[in-house]
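K.L.:
what's the 3D shape of this:
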Amino acid sequence: MVLYILILFFIISPFFPATGNPHWFFRTADFVRLQSLFIQFILLGLFLYFEENFTAFSWILLVALIATILYQLYKVFPYSSLFPRRRSHAASDGNVSILAGNVLQTNSCYPDFLNEVKRFDPDLVLTMESNKDWENCLSEIEKEYPFTVKVPLENFYGMHLYSKKELENVEVKYQIEDDKPSIFFDFPIEGQQPIFFCCLHPAPPSPTENETSKERDAELMLTGKRIRKLDKPTVVCGDMNDVVWSRTTRLFKKMTGMIDPRVGRGFFSTYHAGYFFLRFPLDHLFHTRDLYVEKMVRSKDFGSDHFAMYYEIFHKKKVKTPENPKLNGDEKEEVEELIENGKENQ
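P.N.:
From the prediction side, this is the model:
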């Protein structure tokens with residue numbers, strides 16, 4: 001009986017996000033798809049082992065469980081290293097590298113993170129959850145990274161940006177929530193159009209933070225609308241507190257035409273750094289099709305609950321920024337609805 005109940009739960013729960021309910025309880029199933037798939041395979045094996053007399057109900061349960069497994073595999077398989085990876089053979093006329101990491105405000109393993117900065121030696125260093133203590137620690141790298149954007153906060157949503165080159169058109173915006181900043185800027189590429197960066201860290205839907213995903217979804221949609229108005233190479237990166245196979249992130253990628261370099265390379269699960277089985281790919285980078293990512297590496301553990309991600313981003317030579325993809329009426333309506341719902345929640 002217990003086995004039947006567990007199988008029924010794991011048949012139904014993967015479809016919770018499809019209801020469209022933004023409450024954290026319904027969205028959690030998106031985060032744990034890899035873990036629930038693992039459990040489903042175990043349940044399938046136990047069912048086949050212990051079920052002796054197959055009744056009509058047994059067959060229905062078996063078929064439903066297999067169908068749900070296939071549904072979940074369809075969702076996550078493109079982000080595994082087994083999926084065919086599209087490699088860019090385009091020549092490049094400029095590049096930028098970035099190390100982006102949620103450092104965890106309460107983490108005091110400052111030297112470990114600084115060692116990662118030295119190891120990768122990126123052009124840009126982006127930290128999230130960085131407060132005044134982290135700012136003081138990171139002052140050590142300012143000789144190498146003299147151009148900075150500092151937003152120290154004590155609410156676990158501070159952000160700091162360090163650059164080897166002088167940045168252009170820097171903006172710190174609070175798009176939805178008054179205490180959740182985002183950083184926007186142009187990174188100059190010699191002889192080429194600058195690359196526009198959007199650095200985000202929206203709050204997740206959870207029992208301890210935002211009850212629903214409305215604010216997070218709205219911030220992603222607002223960023224997408226801004227990108228659609230631009231005609232320049234663009235990168236979006238940060239701790240999105242969402243998984244790439246969620247409906248909201250897929251809609252964001254469709255409305256912007258952006259590429260996820262994770263496809264065909266692996267999940268690169270960045271949270272939780274301390275628990276192998278409870279790891280989800282929450283830290284993302286997306287880019288327009290006139291760019292490509294040659295190298296992406298997950299950092300070593302530096303005491304945070306997240307790993308950082310390092311990316312090397314190249315601009316394709318003689319390739320213009322593609323036009324915006326077209327959205328149908330329902331998709332346009334969904335984008336506006338998500339934005340309004342997020343604003344109304346404030």
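K.L.:
buried sites along the helix or strand residue 193 falls within?
P.N.:
According to DSSP states H and E, residue 193 maps onto strand 192-200. By 16 or more other C-beta atoms under 10 Å, the buried positions in strand 192-200 come out as 193, 194, 195, 196, 197, 198, 199, 200. For the C-beta atoms, the positions are set from N, CA and C on the backbone; glycine is no exception.
K.L.:
and what of stretch 208-220?
P.N.:
210, 212, 213, 214, 215, 216, 217, 218, 219, 220.
K.L.:
can you tell me the distance between the two ends of it?
P.N.:
21 Å (C-alpha to C-alpha, to the nearest Å).
K.L.:
ok, now stretch 197-215?
P.N.:
21 Å.
K.L.:
Stretch 100-114 now?
P.N.:
Termini of stretch 100-114 sit 12 Å apart (C-alpha to C-alpha).
K.L.:
Centre of the chain to it, how far?
P.N.:
19 Å (C-alpha atoms, centre = their mean, to the nearest Å).
K.L.:
Only the buried residues of that stretch, if you could.
P.N.:
Neighbour-count burial for stretch 100-114, counted by 16+ other C-beta under 10 Å, picks out 100, 101, 102, 103, 104, 105, 107, 110, 112, 113, 114.
K.L.:
residue contacts, residue 79?
P.N.:
244, 245, 260, 262, 263, 266, 267, 281 (C-beta atoms under 8 Å, 6 or more residues apart in numbering).
K.L.:
cool, and residue 230?
P.N.:
Going by C-beta under 8 Å, 6+ apart, residue 230 touches 196, 321.
K.L.:
SS state for residue 335?
P.N.:
On the three-state scheme (DSSP: H, G, I helix; E, B strand; the rest coil), residue 335 is labelled helix.
K.L.:
Model confidence for it, exactly?
P.N.:
Reading off the confidence values, residue 335 has pLDDT 92.
K.L.:
Apart from its neighbours in sequence, what residue is nearest it?
P.N.:
residue 221 (5.1 Å; C-beta to C-beta, 6 or more residues apart in numbering).
K.L.:
burial of residue 228, as a residue count?
P.N.:
16 (other C-beta atoms under 10 Å).
K.L.:
Would you mind confirming that it is in contact with residue 252?
P.N.:
No - with contact defined as C-beta atoms under 8 Å, residue 228 does not reach residue 252; the gap is 10.7 Å.
K.L.:
Please, where are all the helices along the chain?
P.N.:
2-12, 24-31, 33-50, 56-76, 110-120, 132-138, 214-228, 247-256, 329-344 (DSSP state H).
K.L.:
okay, these in a markdown table with distance to residue 294 next?
P.N.:
Converted to a markdown table, the helices of the chain look like this (distance: least, C-beta to C-beta, whole Å):
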| stretch | distance to residue 294 |
| --- | --- |
| helix 2-12 | 39 |
| helix 24-31 | 29 |
| helix 33-50 | 26 |
| helix 56-76 | 24 |
| helix 110-120 | 14 |
| helix 132-138 | 26 |
| helix 214-228 | 22 |
| helix 247-256 | 20 |
| helix 329-344 | 32 |
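K.L.:
closest one to residue 187 among these?
P.N.:
helix 214-228 (15.2 Å; C-beta to C-beta).
K.L.:
and that closest one, how far from the chain's centre?
P.N.:
Distance, centroid of helix 214-228 to centroid of chain: 13 Å (C-alpha atoms, centre = their mean).
K.L.:
Looking at the helices of the chain, which one is packed in the most?
P.N.:
Among those, helix 214-228 has the highest mean neighbour count (mean count of other C-beta atoms under 10 Å), at a mean of 23.
K.L.:
Would you mind getting the angle between that helix and helix 24-31?
P.N.:
Here helix 214-228 runs at an angle of 50 degrees relative to helix 24-31 (axes from the mean of the first three to the mean of the last three C-alpha atoms, to 10 degrees).
K.L.:
quick one: helix 214-228 to strand 192-200, angle?
P.N.:
Using the same axes, to 10 degrees: helix 214-228 against strand 192-200 is 170 degrees.
K.L.:
So which elements touch helix 214-228?
P.N.:
strand 192-200, strand 234-239, helix 247-256, helix 329-344 (3 or more C-beta pairs under 8 Å, 6 or more residues apart in numbering; DSSP states H and E).
K.L.:
Please put the alpha-carbon coordinates of stretch 4-24 into PDB.
P.N.:
In PDB, the C-alpha atoms belonging to stretch 4-24 read as follows (Å, rounded to 0.1, in the frame of the first residue of the first chain):
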ATOM      1  CA  TYR A   4       1.300   2.400  -4.300                       C
ATOM      2  CA  ILE A   5       0.900   5.800  -2.500                       C
ATOM      3  CA  LEU A   6       4.500   6.800  -3.300                       C
ATOM      4  CA  ILE A   7       4.100   5.800  -6.900                       C
ATOM      5  CA  LEU A   8       0.800   7.800  -7.200                       C
ATOM      6  CA  PHE A   9       2.500  10.800  -5.600                       C
ATOM      7  CA  PHE A  10       5.400  10.700  -8.000                       C
ATOM      8  CA  ILE A  11       3.100  10.200 -10.900                       C
ATOM      9  CA  ILE A  12       1.100  13.300 -10.100                       C
ATOM     10  CA  SER A  13       3.600  15.700  -8.500                       C
ATOM     11  CA  PRO A  14       5.900  16.300 -11.600                       C
ATOM     12  CA  PHE A  15       2.800  17.900 -13.300                       C
ATOM     13  CA  PHE A  16       2.300  20.500 -10.500                       C
ATOM     14  CA  PRO A  17       4.100  23.300 -12.300                       C
ATOM     15  CA  ALA A  18       1.900  22.700 -15.400                       C
ATOM     16  CA  THR A  19      -1.100  24.000 -13.300                       C
ATOM     17  CA  GLY A  20       0.400  27.500 -13.600                       C
ATOM     18  CA  ASN A  21       0.000  28.000  -9.800                       C
ATOM     19  CA  PRO A  22       2.900  30.300  -8.700                       C
ATOM     20  CA  HIS A  23       2.900  29.100  -5.100                       C
ATOM     21  CA  TRP A  24       6.200  27.600  -4.000                       C
END
